[in-house]
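Visitor: Give me a model of this one.
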Amino acid sequence: MSFIRPEIAHLLRQWREVLVLSTLASVGAWIALEPGFFLPVGGWALLAFCMILLPASIRRARFQPGADGIGVVRLREGRVVYMGPQTGGTVSLDDLDSLSLVITRAGRHWRLVQGPERLDIPVDAVGADALFDAFTRLPGLNPARLIDALESLTPGEITLWATATRPALTPD
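Guide: Predicted structure coming up:
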């Protein structure tokens, strides 16, 4: 029997990296205010280290919608692999043509398009939290735009990233 409600436990797991860094930053600030020379220098270094890592961990925590959706997402050597109960597929991030977030009444999912192939991945699929780091590798994609799109409630498709038109291999 758990004494913590499942919603609170999920919230603590989602924000655990931020909580740990905040705690370490507090300890670093406390040590930095101690008298002496060597101990405060270590405290300031710990505080600076935590403050550098904190913005990225906050973005990752905001990106994690949960992991109770259908299907499993895996990242393997620059490829996104989605295995669902009825659909699935794989897409190379290097050859990706566009990335969208589709919001419907039934739920939200990422739409990855590579040529004629389209891969729809539920936002809350198991392992989908790893997609944030993968998507931020796309050239010109703003991480804040990903988070803003996830917080949107307006139904429809939000195109977050698209490649510039690629030149043909042969002239027409």
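Visitor: count of residues packed around Pro40?
Guide: Other residues near Pro40 number 15, with proximity taken as other CB atoms under 10 Å. For every residue, glycine as well, the C-beta is placed using N, CA and C.
Visitor: should've said Pro55
Guide: 12.
Visitor: what's the answer for Ala134, then?
Guide: Ala134 has 15 nearby residues by other CB under 10 Å.
Visitor: what do you get for Arg76?
Guide: Neighbours around Arg76, by other CB under 10 Å: 8.
Visitor: With Leu47 instead?
Guide: Neighbours of Leu47 (other CB under 10 Å): 19.
Visitor: tell me which residues in whatever helix or strand it lives in are buried?
Guide: Assigned by DSSP states H and E, Leu47 belongs to helix 38-63. Neighbour-count burial for helix 38-63 flags 43, 46-47, 50, 53-54, 57-63 (criterion: 16 or more other CB atoms under 10 Å).
Visitor: Nearest residue to the middle of the chain?
Guide: Geometric centre of the chain, nearest residue: Phe132, 2.5 Å, by CA atoms, centre = their mean.
Visitor: how close does it sit to Ala144?
Guide: 12 Å (CB to CB, to the nearest Å).
Visitor: shared neighbours, these two?
Guide: Counting by CB atoms under 8 Å, 6 or more residues apart in numbering, the contacts common to Phe132 and Ala144 are Arg59.
Visitor: Many thanks, I have nothing further to ask.
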